[in-house]
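K.L.:
Sequence plus predicted model, see below.
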Amino acid sequence: MLVKLPETVTGLRSGADALSSAYRARLRARTYATAALNAVPSPEIVPVTTGDGARLRVHAYGPADGDVIVLIHGWSCCLEYWNPQINAFADQHRVVAFDLRGHGASEVGTREFCADQLADDLRDVLDAVLRPGQRAVLVGHSMGGITIQAWARRYPEQVAERASAALLATTTSGAIASETQVLPIFNDLVPAPIWLGRVLFGTPVPLPTGAPVRAILKSRILNRTATAEQADFALSIVRSCRPQVRGRFALALAEMELEDAAAHLTVPTSVVAGRYDRLLPRRMSERIADRLSEVGSLDRYVVMPTGHLPNIEAAQEFNAELHRMVRIGRYGSRAAAS
């Protein structure tokens, strides 16, 4: 039975959605001193509609015959999160980025947020952007890395067919609610109650603005030496997500357990952790790396001097690792030594 929400609730939600849309417009219009953060070249729009009718925002950049890189963002983000990589790679590579379901300008659809839904949406995107026989380097940050693992578990027969290599950045296979260290005071002294994290992250309210919010972001999500521009860019990305979506996905992720899903990634895979990552501490990435090593798919495990956003906080180092994985995807593991 459908329940009609009070007009005050629906009005607040509409206002929050409009505010998120305004932040997305600012992302495309703002000019940063750090050129890599600025708006990317005009994209090719790739139409993708999921099985339940949700239309996804999918953009492709660069030459159609270039090596394909598919970028999958994390929770509360949108495809502009990857500006530093799109700007660095789109001149010679075919770079594909998309808004995950409900995020950015992608529609929410009717499906429940879960691992299989993430896997199916990635399958639909790969169906749309890859020609028969073509493979891509899959790059997933945070929930994007969860998406790749979920896809590999659900469609193991597609892994070698669709992927030439993978890069998993500051991600996890589960235990988010119990192991995150992002909550101040509690996580610095004693473990935080799981219910507290669910309340803070699952409550669908817009993020406030101001210097205190930036300071909290730098101390709990980024590393303390992150620049003001990096913090402002990250905040703009997160504010572009509709609060209702941010809350619903947070609650779903808190319950999500992929266990040994990484074992199905049978292509060379690099795992990147952030030394100062409190949201998904590096031991989470280490567990994934250990599992990949057991099945022979781990190419390299790298700890970067960053918080949770290595492709923004250490873009040069992150891009170098991605360049390496693109070479491996094209030539095989011997490319790492060249």
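P.N.:
Received the coordinates, thanks. Numbers count the residues shown, from 1 in each chain.
K.L.:
Residue 301 touches residue 282, doesn't it?
P.N.:
No: if you go by CB atoms under 8 Å, residue 301 and residue 282 don't touch, sitting 9.6 Å apart. To be clear about C-beta, it is placed using only N, CA and C from the backbone, and glycine gets the same treatment.
K.L.:
who touches both of those two?
P.N.:
residue 273 (CB atoms under 8 Å, 6 or more residues apart in numbering).
K.L.:
for the closest residue to residue 44 other than its chain neighbours, helix, strand, or coil?
P.N.:
Nearest residue to residue 44, sequence neighbours excluded (CB to CB, 6 or more residues apart in numbering): residue 60, at 4.4 Å. Here residue 60 is recorded as strand under DSSP: H, G, I helix; E, B strand; the rest coil.
K.L.:
mind checking how far residue 60 is from residue 180?
P.N.:
34 Å (CB to CB, to the nearest Å).
K.L.:
Of the two, which one has the most company?
P.N.:
More crowded of residue 60 and residue 180, by other CB atoms under 10 Å: residue 180, with 22 against 19.
K.L.:
and that one, what pLDDT?
P.N.:
pLDDT, residue 180: 84.
K.L.:
The one 5 residues further on now?
P.N.:
Reading off the confidence values, residue 185 has pLDDT 43.
K.L.:
one step back: which residues does the residue nearest to residue 44 contact?
P.N.:
43-44, 46, 94-96, 129.
K.L.:
what does residue 107 give?
P.N.:
By CB under 8 Å, 6+ apart, the neighbours of residue 107 are 53-56, 101.
K.L.:
Please repeat the previous calculation with a cut-off of 6 Å.
P.N.:
Neighbouring residues of residue 107 by CB atoms under 6 Å, 6 or more residues apart in numbering: 54-55.
K.L.:
going forward, begin numbering at 419 instead of 1
P.N.:
In the new numbering, first residue 419, that becomes residue 525.
K.L.:
Against residue 517, how distant is it?
P.N.:
Counting by CB to CB, the gap from residue 525 to residue 517 is 9 Å.
K.L.:
And for residue 576?
P.N.:
Distance from residue 576 to residue 517, counting by CB to CB: 22 Å.
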